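# 3D, please:
(one chain, ligands or ions: 1)
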Amino acid sequence: MSKKKKKGFCTYCLKDTNNITDDHIFPRKWYPKSTPKNMEKWQAPAYYKCNNNFSKIENDLLIRFGLCIDPNEIKSLGISDKALRALDPKLGKNPKDIKARADKRKKILQEMFPVSKFPEENFFPNFGPNNGNINNSNHALLVPVDSITTISKKIVRGLTYKLSNKYITKDYDISVHINNEPDVKFIDDILNKFGVKLIRGPGIIVKRACVENDSACSLFSIRIWERYFVNIIVNKS
Ligand SMILES: [Zn+2]
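Model (predicted):
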């Protein structure tokens, strides 16, 4: 997040304010190490409070997903390392940071439970137990659906601003679909036929299709680390 604040509208809550910062549309820390150095990491204007709130959610999700990712996968290179580092008090920059890392570590460890205790139908797609074996000694972590919904909506607001220079105003609904539910299969079909594919390095791939005379009205598929897949529909309410 840039410290220099300017005047303008927040892409996310549409607030008109003097406290606008630059927010990374895809969380900055979510880019894998395999991302080309010269690739622009897209940003959008954000009220500093929105920016801070999103950062907290993004960092929490990074830890939860990062702990479930193989450290050697190219499309998520460095993500599991970032998750482990965020929980390491020895890397704290000051007493407050040391305590925050220790507290987070304690919280995450307390929340872990044997994967065999978890109902299989609730596994986040592509984040099930290693080798599909639920009887192994692996541990599971919950991922808050609200966090995924919030960040997915944030990303499509940012992308609509970046790609069409438009805000998704209050007269639009955004619905986020995490599971590969059969009733949202049509999104993939439409995107494969009419969508534009945007590749932001090996870790982030987006497909987008929008209505010709209303670019806010759109469909998205977002694939992060070739693991985390969401489909999103934006339409007039
Ligand atoms: Zn805002």
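
# please count neighbours and contacts with C-alpha atoms only from this point.
OK.

# domain-wise, how is this structure divided?
6-140, 145-236 (automatic domain parsing).

# distance of Lys4 from Lys107?
33 Å (C-alpha to C-alpha, to the nearest Å).

# these two: which has the busier surroundings?
Lys107 (12 against 9; other C-alpha atoms under 10 Å).

# and the contacts of stretch 46-59?
With contacts defined as C-alpha atoms under 8 Å, 6 or more residues apart in numbering, stretch 46-59 is touched by 1, 9-13, 15, 17, 19-23, 27, 29, 147, 151.

# what's around the residue in the chain that the ion sits nearest to, how many residues?
Closest contact between the chain and the ion, by C-alpha to the ion, is at Cys13 (3.7 Å). Other residues lying near Cys13 total 16 when counted by other C-alpha under 10 Å.

# and if you look at Pro182?
Count around Pro182 with other C-alpha under 10 Å applied: 7.

# turn the domains of the chain into a markdown table, including mean pLDDT.
Output for these, formatted as a markdown table (pLDDT from 0 to 100):
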| stretch | mean pLDDT |
| --- | --- |
| domain 6-140 | 91 |
| domain 145-236 | 92 |
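
# follow-up on the earlier one: of the contacts of stretch 46-59, which count as buried by neighbour count?
9-13, 19-23, 27, 29, 147, 151 (16 or more other C-alpha atoms under 10 Å).

# grab the most central residue of this protein for me.
With distances taken as C-alpha atoms, centre = their mean, Ile151 lies nearest the centre of the chain, 5.2 Å away.

# which residues of the chain fall in helices?
48-66, 79-86, 95-111, 145-164, 185-194 (DSSP state H).

# export these to JSON lines and tack on distance to the ion?
Below are the helices of the chain laid out as JSON lines (distance: least, C-alpha to the ion, whole Å):
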{"stretch": "helix 48-66", "distance to the ion": "5"}
{"stretch": "helix 79-86", "distance to the ion": "26"}
{"stretch": "helix 95-111", "distance to the ion": "25"}
{"stretch": "helix 145-164", "distance to the ion": "10"}
{"stretch": "helix 185-194", "distance to the ion": "28"}
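
# list the pairing partners of the longest strand along the chain within its sheet, with orientation.
In the chain, taking DSSP state E as the definition, the longest strand is strand 214-224. Here strand 214-224 is paired, per DSSP bridges, with strand 204-211 (antiparallel), strand 228-236 (antiparallel).
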